[in-house]
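> sequence? don't have it. structure:
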Ligand SMILES: [Zn+2]
């Protein structure tokens with residue numbers, strides 16, 4: 001089960017090109033200060049640009065359910081959560 005925090009950050013990176021670029025280029029910086037465990041931090045830090053080609057590719061790269069990712073996209077915290 002993916003944590004809400006991981007889903008929110010992944011969902012925001014999907015929606016926000018600036019934060020996506022930050023995550024892809026400087027993951028340590030982008031992820032610092034967020035409540036993630038080490039394993040979740042690594043999963044997000046490993047993401048590459050091609051994983052953002054589709055929501056299902058992103059879900060697969062993160063080992064989360066596509067439906068969980070779709071659901072979090074509608075969350076206000078996801079839209080507003082700049083890194
Ligand atoms: Zn953002």
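Done, it's in. Please read these numbers as outputs of a predicted model, since none were measured by experiment. Numbers count the residues shown, from 1 in each chain.
> where are the low-confidence patches of the protein?
For the chain, the stretches with pLDDT under 70 are 1.
> which residues of it lie near the ion?
Near the ion, the residues belonging to the chain are 16, 19, 82 when assessed by C-beta under 5 Å from the ion. Any C-beta I mention is one placed from the backbone N, CA and C, and that applies to glycine too.
> try it again with 6 Å
12, 16, 18-19, 82 (C-beta under 6 Å from the ion).
> just these now: which is nearest residue 62?
Nearest to residue 62 among the residues of the chain next to the ion: residue 12, at 13.1 Å, using C-beta to C-beta.
> which other residues reach the helix or strand that contains that closest one?
Using DSSP states H and E, residue 12 falls within helix 4-15. With contact meaning C-beta atoms under 8 Å, 6 or more residues apart in numbering, helix 4-15 is reached by 19-20, 23, 31, 34-36, 40, 43-44, 47, 52, 55, 58, 62, 64, 68-69, 72-73, 75, 77-79, 81-83.
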